[in-house]
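Engineer: Let's see this in three dimensions:
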Amino acid sequence: MTCIFCKIINGEIPSYKIYEDNFCISILDINPRAKAHTLVIPKKHFERIDDADDEYLSKILLSIKKTIEILKDKIKMEGYNIVVNCGKVAGQEINHLHFHILPRYSNDNIKIEFPPVKEEYKNKLKEIYEEITK
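Structural biologist: Numbering: from 1, shown residues only. Predicted structure coming up:
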């Protein structure tokens, strides 16, 4: 298997593991964007959220919550962002589902910004809604 996250899960590649249960591991990101930037990685290989079955996905969310509790207790973060990229076009670099937890502090100078409002879509909400609900 060539998936780097599967290799980490199997112990073939070392990591800074801060939490583990039967469904996920949580490790420090080796390319951190914040203090204690953490990845929560399902032990079962899924590429995206929509590839995971509902029961496993609920276990992943509980692992994320437990990891957040550890981070809140140990590094006293004031807030956090949870980021998941699904698909190359969305910025996913490793094709194994994973969640980024970015601990946040009031003076950390980290900006996670959405692009400006797209007026073309704002003005077509009814049409878009109808397209989705047909």
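Engineer: From Leu62, how far off is Leu71?
Structural biologist: 15 Å (Cβ to Cβ, to the nearest Å). For every residue, glycine as well, the C-beta is placed using N, CA and C.
Engineer: Compare the two (neighbour count), which wins?
Structural biologist: The neighbour comparison of Leu71 against Leu62 (other Cβ atoms under 10 Å) goes to Leu71, with 20 against 12.
Engineer: Stretch 12-29: which residues count as buried?
Structural biologist: 15, 18-19, 23-27, 29 (16 or more other Cβ atoms under 10 Å).
Engineer: would you turn the residues you listed into JSON lines with secondary structure?
Structural biologist: Shown next, in JSON lines, are those (DSSP: H, G, I helix; E, B strand; the rest coil):
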{"residue": "Ser15", "secondary structure": "coil"}
{"residue": "Ile18", "secondary structure": "strand"}
{"residue": "Tyr19", "secondary structure": "strand"}
{"residue": "Phe23", "secondary structure": "coil"}
{"residue": "Cys24", "secondary structure": "strand"}
{"residue": "Ile25", "secondary structure": "strand"}
{"residue": "Ser26", "secondary structure": "strand"}
{"residue": "Ile27", "secondary structure": "strand"}
{"residue": "Asp29", "secondary structure": "coil"}
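Engineer: Which parts of this structure are helices?
Structural biologist: 4-9, 54-75, 119-122, 125-133 (DSSP state H).
Engineer: Go ahead and flag the most central residue of this structure.
Structural biologist: Centroid-nearest residue in the chain, with Cα atoms, centre = their mean: Phe99, separated by 1.5 Å.
Engineer: for this protein, which spans come out with low pLDDT?
Structural biologist: Along the chain, segments meeting pLDDT under 70 span 1.
Engineer: change it to 90
Structural biologist: 1-2, 112-115 (pLDDT under 90).
Engineer: re the thing from before, among the buried residues of stretch 12-29, which pair sits farthest apart?
Structural biologist: Within these, Phe23 and Asp29 form the most distant pair, 19.4 Å apart (Cβ to Cβ).
Engineer: Please consider this matter closed, and thank you.
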